[in-house]
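Trainee: Sequence first, predicted coordinates after that:
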Amino acid sequence: MKILVTGAAGFVGSHVCQRLLAQPGRAEVLGIDNLNDYYSVALKQARLGRLEGREGFRFVRGDFADSPSLHALVAGFKPDYIIHLGAQAGVRYSLTHPEAYVQSNLVGFANILEAARRHPPKHLVFASSSSVYGAGVPAPFREDAVSEPLSFYAATKRANEHMAYSYAHTHGLRCTGLRFFTVYGPWGRPDMTPVLFARAILAGETIKLWNHGKYRRDFTYIDDIVDGILRLTLSPPPAPPPGAPPASAGAALDARPSALGAPRPPYDVFNIGHHRPVEMLQFVQMLESLLGRKAVVELHPPQPTEMPETCADLTRIQAAVGYAPKTALEDGLRQLVEWVREYYGPSGAG
């Protein structure tokens, strides 16, 4: 089994590679990452250090927005599965650096789709985001209820879903989008709230809480996220409807009818979350308890790019692959805090 993982030096990507290499049976994993400096390159290299030398793993430093290089890589490797986790991340960064999101999330994703069209895998799975739900969507968020995106980052992720649908419809490419809900855990991104806040508390630095700390977030532990990714990636395609022509490896048919009555293309999208949102003030209090230190907190008004609450409706993913998150927030944060102290040191500044 050959799997191409983009963003292999990233938080989720490196954990996916770890789990694939630990699966029963030999998996051949090819990781690609451009190791950009959006956040610490040293952290990305440390994640890769946990993978290098593992049997079945190979890493290529490259940019999937570079079309010729990506096409040559996919043509040579011929993956059975593509797990596309590489992207320009960050909601607030997209306010000031939209060009980075165009290049990575739009141009890069178009290159991934086209490479997959030329060399069809059994399944192309890609990272979307809970931020696509936008404003005015009632929680818990259902996959069929989205609104206008509040940030340019969210707009690019929603565009990815439309792009993938078009390739599924036009070329029969089996594509599945995954809407992640605030992933946290060891080796997490330093720009995201869990690591950012833990380090700030250790260092005695000020934490800014928007909407006066009343935002609610659906934090999902990394092991549960990886479980959902692999369950969906390796799941068999839906059975074709009666009388449908045989489907090729790259053109499985979805038995559910479309609005026009014709078979749907082999495209789907799923939430992967925890379904238990917590208020940010309570989240900080949990970190204080685990770290044994009080936080220095500043309360601020709401931000225009932020949603008041995120909460994943897990009905569809549970029905499809039996996904059920197992890690309570208290347990996951304990693992995170242990790693933060080990990696960054007792002051959180390492």
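Mentor: Sure, I can see it. In this text, all values refer to a predicted model and were calculated from it rather than measured experimentally.

Trainee: looking at this protein, which helix or strand does the model trust least?
Mentor: None of the helices or strands of the chain scores lower by mean pLDDT, DSSP states H and E than strand 254-257, at a mean of 45.

Trainee: Could you list the low-pLDDT ranges of the stretch 1-150 of the chain?
Mentor: Scanning the stretch 1-150 of the chain for pLDDT under 70 picks out no residues.

Trainee: buried sites along stretch 226-242?
Mentor: 226, 227, 228, 229, 230, 231, 232, 233, 234, 237, 238, 240 (16 or more other CB atoms under 10 Å). Quick note: C-beta positions are derived from backbone N, CA and C, even for glycine.

Trainee: now, which of these sits nearest residue 177?
Mentor: residue 232 (9.9 Å; CB to CB).

Trainee: on that earlier part again, select from the buried residues of stretch 226-242 the entry with the lowest predicted confidence.
Mentor: For the buried residues of stretch 226-242, the weakest pLDDT value sits at residue 240, with 61.

Trainee: Give the buried residues for the longest helix along the chain.
Mentor: Counting residues, the longest helix found in the chain (DSSP state H) is helix 152-171. For helix 152-171, the neighbour count (16+ other CB under 10 Å) marks 152-161, 163-165, 167-168, 171 as buried.

Trainee: Widest-spaced pair of these?
Mentor: Going by CB to CB, the pair spanning those furthest: 152 and 171, at 27.7 Å.

Trainee: Quick one: neighbours of residue 285, just the number.
Mentor: 16 (other CB atoms under 10 Å).

Trainee: likewise residue 19?
Mentor: Going by other CB under 10 Å, the residues that sit close to residue 19 add up to 17.

Trainee: what do you get for residue 91?
Mentor: So residue 91, with other CB under 10 Å, has 18 neighbours.

Trainee: List the residues that contact it.
Mentor: By CB atoms under 8 Å, 6 or more residues apart in numbering, residue 91 lies in contact with 131, 151, 153, 154, 305, 306.

Trainee: and what of residue 181?
Mentor: 130, 217, 218, 219, 220, 271, 272, 273, 274, 310, 311, 312.

Trainee: Read off the pLDDT value for it.
Mentor: Confidence score, pLDDT, at residue 181: 96.

Trainee: which outside residues touch stretch 295-306?
Mentor: Contacts of stretch 295-306 (CB under 8 Å, 6+ apart): 91-92, 95, 150-151, 197, 200-201, 204-213, 215, 284, 287-288, 308.

Trainee: Now the buried members of the residues you listed.
Mentor: 91, 150-151, 197, 200-201, 207, 209-211, 213, 215, 284, 287.

Trainee: where in the stretch 251-350 of the chain is pLDDT low?
Mentor: 251-263.

Trainee: Can you show me the helices along it?
Mentor: Here the stretch 251-350 of the chain has its helices, by DSSP state H, counting those that start in this stretch, at 280-291, 315-321, 329-344.

Trainee: Switch those over to a markdown table; also include distance to residue 102.
Mentor: Shown next, in a markdown table, are these (distance: least, CB to CB, whole Å):
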| stretch | distance to residue 102 |
| --- | --- |
| helix 280-291 | 31 |
| helix 315-321 | 30 |
| helix 329-344 | 32 |
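
Trainee: what's the most distant pair in the buried residues of stretch 226-242?
Mentor: Pairwise over those, using CB to CB, the maximum falls at 226 and 240, 29.6 Å.

Trainee: residues contacting residue 54?
Mentor: residue 21.
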